[in-house]
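**Q** next comes the sequence, and after it the predicted model I'd like to discuss.
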Amino acid sequence: MLFSKRIQGHLIALMTVFLWGTTFIATKVLLTDFKPIEILFFRFGLGYLALWILSPRFLAWQGVKREFMFLCAGLCGVTCYFLCENIALTYTTASNVGVITTLAPIFTAILSIFFLKTETPPKRFYIGCLFAIIGVGLISFNGKFVLSLNPLGDLLTMLACLFWACYSILTKKSSNYGYNTILLTRRFFFYGLMLMFPVLSIFDFDWNLSRFTDPVNIFNFLFLGVGASAICFSSWNYAVKLIGAVKISIYLYLVPILTIIAAVIILNEPFTWIAAIGTLFTLCGVLLSEGKIRIKRN
């Protein structure tokens with residue numbers, strides 16, 4: 001093989017966060033015609049269909065215990081994470097959400113100590129997390145230091161981080177059974193979509209499909225549904241299988257950097273020197289947490 005499994009995992013993770021970092025652009029365009037809950041449902045519905053096309057094989061019932069684990073993964077990683085994050089944005093600022101979501105890798109590391117005995121992170125992981133949190137904070141503010149306290153929105157964002165950490169742990173545990181990654185991801189999507197149905201009416205979901213006649217909407221949903229959901233969730237789950245839930249979670253810090261780069265190029269949004277410093281802090285944090293930069297001991 002050209003690359004070891006460990007290197008493959010890192011390359012796949014980088015490819016995944018690159019696509020995830022550009023989802024902001026597609027989502028922002030779609031918000032003109034769609035509500036956040038509508039984007040979420042149609043995105044994962046399309047992703048679910050795409051996974052059937054990629055692997056038209058049926059995953060048989062795996063027993064109550066394992067199916068419950070898959071259901072919990074879909075609940076945490078699809079339904080609850082994205083709902084909490086989207087609702088949080090209606091109560092708090094995007095800057096707050098951007099800073100608080102960087103806690104997800106730390107939550108993942110803490111949960112892994114209790115549920116994944118082999119993944120106890122070293123001290124440099126937490127030091128790297130601190131660097132990355134500072135960096136993402138600078139990027140999120142981007143020269144506008146207005147951190148407002150919005151208890152409900154901030155609490156929902158922290159809850160979203162906890163849900164993603166739970167999803168990472170459940171993904172790692174599920175991958176240990178040796179299932180095909182695409183089939184397993186599709187099962188997660190199925191449960192996530194089913195659990196989403198009860199809340200559609202609460203958020204005034206509109207089934208109007210005429211909005212899909214716009215080529216721009218079709219293109220962006222294809223990107224979000226097929227690329228950012230079907231392919232990226234499968235590739236992320238595979239990377240977790242190869243590297244581990246804790247080490248792979250640190251790549252999430254690269255998402256805001258890639259988002260800013262895409263926003264500057266495509267949406268002509270400003271990029272300040274504070275954001276540049278934040279980018280440097282974040283990259284250093286990622287490298288430190290991954291062990292590429294080591295702290296010398298006396």
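**A** Perfect, thanks for sending it.
**Q** any weak-confidence spans in the stretch 151-298 of the chain?
**A** Scanning the stretch 151-298 of the chain for pLDDT under 70 picks out 267, 269-271, 290-298.
**Q** quick one: end-to-end length of stretch 52-72, please.
**A** 21 Å (CA to CA, to the nearest Å).
**Q** can you list contacts of it?
**A** Stretch 52-72 is touched from outside by 166, 170, 173-174, 177, 179-180, 182-184, 186-188, 191, 195, 230, 234, with contacts defined as CB atoms under 8 Å, 6 or more residues apart in numbering. To be clear about C-beta, it is placed using only N, CA and C from the backbone, and glycine gets the same treatment.
**Q** how about F233: what's its closest non-neighbour residue?
**A** Leaving aside its sequence neighbours, F233 sits nearest to T185 (CB to CB, 6 or more residues apart in numbering; 5.0 Å).
**Q** what helix or strand is the one you found on?
**A** When elements are assigned from DSSP states H and E, T185 belongs to helix 181-200.
**Q** list the buried ones in that helix?
**A** 181-193, 195-196 (16 or more other CB atoms under 10 Å).
**Q** need the three-state assignment for Y91.
**A** Using DSSP: H, G, I helix; E, B strand; the rest coil, the structure places Y91 in coil.
**Q** I figured it hits G153, correct?
**A** Yes: the pair Y91 / G153 is scored as a contact, 3.1 Å apart, by CB atoms under 8 Å.
**Q** L89: what's it in contact with?
**A** P36, V97, G153.
**Q** what is the neighbour count of the last one?
**A** The local packing count at G153 equals 21, with neighbours defined by other CB atoms under 10 Å.
**Q** which SSE is it in?
**A** Using DSSP H and E, G153 maps to helix 151-175.
**Q** does R57 belong to a helix, a strand or coil?
**A** The three-state assignment at R57 reads coil, by three-state DSSP.
**Q** secondary structure element for A60, which one?
**A** Using DSSP H and E, A60 sits within no helix or strand.
**Q** same deal with the one 5 residues further on?
**A** Secondary-structure assignment from DSSP H and E places K65 in helix 64-74.
**Q** coming back round to it: the residue nearest to F233 reaches L51, doesn't it?
**A** Yes: counting by CB under 8 Å, L51 is a contact partner of T185 at 6.2 Å.
**Q** name the residues contacting each of these two.
**A** Counting by CB under 8 Å, 6+ apart, the shared contacts of T185 and L51 are A230, S234.
**Q** circling back to that earlier point, whichever helix or strand comes after the helix holding K65 - contacts with which helices or strands?
**A** Remark: after helix 64-74, the chain's next helix or strand is helix 81-88, criterion DSSP H and E. Under the contact criterion of 3 or more CB pairs under 8 Å, 6 or more residues apart in numbering; DSSP states H and E, the helices and strands touching helix 81-88 comprise helix 36-54, helix 151-175.
**Q** gap between A26 and L193?
**A** As judged by CB to CB, to the nearest Å, A26 and L193 stand 20 Å apart.
**Q** alpha carbons of the helix or strand where M15 lies, as CSV, please.
**A** Per DSSP H and E: M15 is located in helix 5-21. What follows is helix 5-21, C-alpha atoms only, in CSV (Å, rounded to 0.1, in the frame of the first residue of the first chain):
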residue,chain,number,x,y,z
LYS,A,5,-3.6,3.1,7.6
ARG,A,6,-2.7,5.9,10.0
ILE,A,7,-1.6,8.2,7.2
GLN,A,8,-4.7,7.3,5.2
GLY,A,9,-6.9,8.2,8.2
HIS,A,10,-5.2,11.7,8.5
LEU,A,11,-5.5,12.4,4.7
ILE,A,12,-9.2,11.3,4.8
ALA,A,13,-9.8,13.6,7.8
LEU,A,14,-8.2,16.5,6.0
MET,A,15,-10.3,16.0,2.9
THR,A,16,-13.5,15.7,5.1
VAL,A,17,-12.9,18.9,7.0
PHE,A,18,-12.1,20.7,3.8
LEU,A,19,-15.5,19.9,2.4
TRP,A,20,-17.2,20.6,5.8
GLY,A,21,-15.4,24.0,5.9
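**Q** pull the distance from that helix to the chain's centre.
**A** The chain centre lies 13 Å from the centre of helix 5-21; the measure is CA atoms, centre = their mean, to the nearest Å.
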